[in-house]
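> need a structure here:
(chains A and B)
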Amino acid sequence: MNINTTKIISLLFFVFSAFYLYTAYQIQVFAFDENAPFNARTFPIYLGYAGLFFSGLKLILPDPNNIKVDHKNLEYKKTGILILIAIIYGATILKVGYFLTTSLFLFTSYYFLGERRWILMFLLSFPFVAAFMYLLHGILDIYLRDPFLQSIGVMG
Amino acid sequence: MIEGILIGLTTALTFQNILMVMVGCFFGTIIGMLPGLGPMTAIALMIPITYGFDPATGLILMAGVYYGAVFGGSTSSILLNAPGVPGTVATSFDGYPMAQQGKAGKALAIAAWSSFAGGTLSAIYLLFMAPSLSKVSLSFRSPDYFALMILGLTAIAAFSSKGQFLKAMMMVVLGLMLASIGQDSLSDITRFTFDNMNLTDGISFVLVVMATFAMSEALTIILKRNDPTSAAKQVSLTELGSIRINKEERKKMYKTIPRSSVIGFLIGVLPGAGATIASFLAYGMERNVVNDEEKEKFGKGSVNGLSAPETANNAACSGSFVPMLTLGIPGSGTTAVMLGALLGFGVQPGPRLYMTNPEIFWSIIMSMYIGMVILLILNLPLIPYIARILAVPKNYLIPLILFFSVTGIYVMSFNNFDIYLMIGIAVVATFLRLYDFPMPPLILAFVLGGLMEENLRRSLLLSNGSWEFLWDRTLTACILVTTILIIIWHIYKTFKKKN
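Model prediction:
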């Protein structure tokens, strides 16, 4: 059997399905539901077996369309930085507020992707987010939590 | 009936009601384009405004918003690969690749014309068949729905090109597994939450679709930036915004639209089925119907592949009005909101609606058609400008896609956990996409997961645990036989190609 990344993904999915199936059997159901034709764990159990079946088949059967990815050409560093910025954005959005975090997220993302046109970067972050916020909060009346703008008295 | 149609036309063609359809279509399109805000939100936002009008005008406004939002959702699907609602997921399969080839204007125009044609044809079907179809929709039982879901998932065979069937099936199972997280709908027992309160309500559709489509697409573009095989094609703004559909493309649409509109309308009539199943089934059927040369183009910017789901989802929107107006049963989440508004007006939907309030019944049907015409008139001239979104340099476009994705989740839940979960799913999806694991089957399975379990539960409980329900009813058996035939056909074609 030829080992390639697709097979490794299938193996991981097989292990994941086994864990899912084990967890499905652990679901607590009401005593009167225990022997019912269908209870909260029935469907997940079927899914667990289906996962084992399909990933097992993928593992065993030959893979004629082996996908080869050239990792040398992939931009792992920039992608990683972007994901990190998104995580920081997610972590601060509730505490700091929508306007400041979103604007900073956009500004830093443009920077790390190689942009250096500072005025355009500014226009497409701070004023852009302000206009978008006005559309959502001001016109469509969709609540946007923003402690920062509340603290400076811009938002009620 | 002629009298009813005339009453409907008189009501729908008043200046105020035409204005309402225009306003509804315009706002619906804008709201539909925003991530996380689908037709349901758009209509919900309009309810307080509609209470200032009479019931017919209020419902006409809401119908306009509905169509506008569905078209707006298609726009973000085509341009950004970010479908805001399940009904427009299938649109992105061929719409997004077409836009990436520099034909964004054409893709939007095909979507607009297909939506218009689908909506128009279904308004005609609705006009003549609404009362009799309501009886058909009532004859569907849980086993039939379960079989229909299986048929919908079998349509994944259409998405999985050569050698990808098992990968597609793994993605189906993963989608169903994700859908099973959270409280069980009947017993309220929590499953796979690992005592995390944030997972009690399950994972939202918008989160999964934003992560697997928009966010992972953005990450893939960055990841493959230096890949010589994925170098972006440089196109002019004129080409990007061109809405010209040539004779050959029109010919393809003439064949696709009628059959997809019938599927869309019939599926839309079934309560709970809606635009999602309709669009996926129409896409799958279209792929099986076209010739081998055209089949190869599916997923790479096929005209038929874009036209079919767009026609079907709009036809299903009209179809979903049948159970709502004639039985008082909403066919989708959106029509459920509209039903609430209808009850708020003091109008009781049901078989007697077109006798007690003919002006409401017929004016909604008439305004649907007028809404379609106005939507087309409003949106076609805007397409060249909307399409230019793709001319925005990638350095700006990628962060903006990420921003829209996060905002979509943020306005829904105000929860950090959901944002982390979305990023996590997006990273896994990006990795899976690198190795050609298809995402559409995952999304379809995720959308259908809850409904599928619900109908399997009812069927098994009614048959006391026996699986005989699968062949007890003729309708269930017919749907299952169709499913089996599709699988056999797919396997046969695969073997034929290999040989």
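> Please count neighbours and contacts with C-alpha atoms only from this point.
Fine.
> Now tell me which helix or strand of chain A has the poorest mean pLDDT.
Across the helices and strands of chain A, mean confidence by mean pLDDT, DSSP states H and E is lowest for helix A:147-151: a mean of 85.
> tell me the contacts of residue B:266?
B:316, B:319 (CA atoms under 8 Å, 6 or more residues apart in numbering or on different chains).
> and what of residue B:403?
Counting by CA under 8 Å, 6+ apart, residue B:403 has contacts A:102, A:106.
> Look up the pLDDT of it for me, please.
Looking at residue B:403, its pLDDT is 88.
> residues making contact with the least confident helix or strand of chain A?
Helix A:147-151 has contacts (CA under 8 Å, 6+ apart) with A:95-97, A:99-100, A:155-156.
> who wins for most neighbours among these?
When neighbours are taken as other CA atoms under 10 Å in any protein chain shown, the top entry among the contacts of helix A:147-151 is residue A:99 (24 neighbours).
> and that one, what helix or strand is that in?
helix A:98-112 (DSSP states H and E).
> mind listing what's buried in that helix?
For helix A:98-112, burial by neighbour count (16 or more other CA atoms under 10 Å in any protein chain shown) applies to A:98-111.
> And stretch A:23-40, by the same measure?
Buried-residue list, stretch A:23-40, by 16+ other CA under 10 Å: A:23-24, A:27, A:29, A:37-40.
> can you list the residues that contact it?
A:41, A:44-45, A:48, B:184, B:187, B:189-192, B:457, B:460-461, B:464-465.
> end-to-end on it?
End-to-end distance for stretch A:23-40, by CA to CA, to the nearest Å: 12 Å.
> Same check on stretch A:28-39?
10 Å.
> Show me the shaky parts of the stretch 351-499 of chain B.
B:351-352, B:354-355, B:390, B:493-499 (pLDDT under 70).
> Report the closest residue of it relative to chain A.
Of all residues in the stretch 351-499 of chain B, residue B:465 sits closest to chain A, at 4.5 Å by CA to the nearest CA.
> Find the nearest non-adjacent residue to that residue, please.
Nearest non-adjacent residue to residue B:465, counting by CA to CA, 6 or more residues apart in numbering or on different chains: residue A:37, 4.5 Å away.
> Need the phi and psi values for the one you found.
Phi and psi for residue A:37, reported as degrees, to the nearest 10, are phi -60, psi -20.
> Quick check: residue B:47 vs residue B:343, distance?
Here the criterion is CA to CA. By it, residue B:47 lies 12 Å from residue B:343.
> do the same with residue B:2
Separation of residue B:2 from residue B:343 (CA to CA) stands at 27 Å.
> Repeat that for residue A:81.
Using CA to CA, residue A:81 is found at 52 Å from residue B:343.
> again with residue B:270
21 Å.
> Now for the spatially closest residue to residue B:8 that is not a sequence neighbour: which residues touch it?
Nearest residue to residue B:8, sequence neighbours excluded (CA to CA, 6+ apart): residue B:363, at 3.7 Å. Applying CA under 8 Å, 6+ apart to residue B:363 gives the contacts B:5, B:7-12, B:56, B:60.
> Next: residue A:14.
So, once contact is read as CA under 8 Å, 6+ apart, residue A:14 ends up touching A:51-52, A:55-56.
> Please repeat the previous calculation with a cut-off of 6 Å.
By CA atoms under 6 Å, 6 or more residues apart in numbering or on different chains, the residues touching residue A:14 are A:52, A:55.
> Backbone dihedrals for it, please?
Reported as degrees, to the nearest 10, the phi and psi values for residue A:14 are phi -60, psi -50.
> That one and residue A:60: what is the separation?
12 Å.
> Residues that sit against both of those two, list them.
Here residue A:14 and residue A:60 share no contacting residue, scored by CA under 6 Å, 6+ apart.
> Give me the number of neighbouring residues for residue B:294.
As a burial measure, residue B:294 scores 14 neighbours (other CA under 10 Å).
> Which pLDDT value does the model give it?
pLDDT for residue B:294: 84.
> what helix or strand is it on?
Assigned by DSSP H and E, residue B:294 falls in helix B:292-297.
> So which elements touch that helix?
Packing contacts for helix B:292-297, counted by 3 or more CA pairs under 6 Å, 6 or more residues apart in numbering or on different chains; DSSP states H and E, involve no helix or strand.
> Quickly check: stretch B:45-65 near chain A or not.
No - on the criterion CA under 6 Å from any CA of the partner chain, stretch B:45-65 is out of touch with chain A, staying 7.5 Å away.
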